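The following comprises the amino acid sequence and a computationally predicted model.
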Amino acid sequence: MENQAVITADIVASRKIKPKQLEETLRDIAKGIEKVLFRRKKTFEFYRGDSFQAIVPPELSLRVALIWKAAIQSVQENGKTWDIRIAIGIGNIAHKGAKVTTSSGKAFEYSGLLLDELKTKETPKLGIRTFDEKWNAQLETECILADIILQRWTAIGAESIYYALLYQETQEQLAARFGITQSAVHKRLSAANWSAIRHWEQYFSQQALSFSKTK
């Protein structure tokens, strides 16, 4: 069976956020991603109020995860930005239920167990686990290094990354969207290490496609 990616995520310190505000924010983000990347197909399934799961193509999984990270970290309340833990599991799906949360397979096992592990560590808050041990060792190192960048995003920087990733907008388009100069956009993206994030996402996507063909 073809490998798929399962994303399992939860909001950090969700008890400090008003439930209605959290629910509306999560659903708005989900709808935006579904509209652009999945042709409005319902992809994200929420549970417990602060968590969700989704099945996505492996080559899109990191991009989707980074979009969620950027969207959540662009929300600022009482001087602090929100945060999210995301675990990506890549493997087979033995059973597809009527709902994502009733499905099963290795991809779900990898994703679910990894999220539990991320909850016991201070960093990283983004992890990837697959069917290949050598690739896993590489991905763990990449995620640890990337987390240093992700945790330094400001709300403004995260917002810029969100639009750049989701809509693939240029600096000129972002400048028009925000009503600022292109040089100001460049400063925001540079501060958020956009070049490193973009290259990592593109490199991972190529790897995911390559592994899918060989496994």
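Received the coordinates, thanks. Remember, predicted model here, so these are calculated numbers, not experimental data. Numbering: from 1, shown residues only.

drop to CA atoms for contacts and neighbour counts, all remaining ones
OK.

these two touch, right, residue 160 and residue 173?
No: with the criterion set as C-alpha atoms under 8 Å, residue 160 and residue 173 do not qualify as a contacting pair; they are 10.9 Å apart.

These two: which has the busier surroundings?
residue 160 (25 against 16; other C-alpha atoms under 10 Å).

Quick check: end-to-end length of stretch 141-159?
Between the opening and closing residues of stretch 141-159 we find a distance of 26 Å, counting by C-alpha to C-alpha, to the nearest Å.

Give me the residues contacting it.
By C-alpha atoms under 8 Å, 6 or more residues apart in numbering, the surrounding residues in contact with stretch 141-159 are 69-71, 73-76, 81, 123-128, 188-189, 191-193, 197.

does residue 138 sit in a helix, a strand or a coil?
Under the three-state scheme (DSSP: H, G, I helix; E, B strand; the rest coil), the conformation of residue 138 reads as helix.

mind checking how far it is from residue 128?
Applying C-alpha to C-alpha, one obtains 10 Å for the distance of residue 138 from residue 128.

and if you look at residue 40?
To residue 128, residue 40 is 26 Å away according to C-alpha to C-alpha.

same check, this time on residue 76
According to C-alpha to C-alpha, residue 76 stands 27 Å off from residue 128.

Tell me where the protein has strands.
Applying DSSP state E to the chain gives strands spanning 4-11, 44-47, 51-56, 76-77, 80-81, 84-91, 126-129.

Can you tell me which of these is nearest to residue 180?
Ranking those by distance to residue 180, with C-alpha to C-alpha as the measure, places strand 76-77 first at 20.2 Å.

And the residue nearest the centre of the protein?
Per C-alpha atoms, centre = their mean, the C-alpha nearest to the average position across the chain is that of residue 65, at 1.1 Å.
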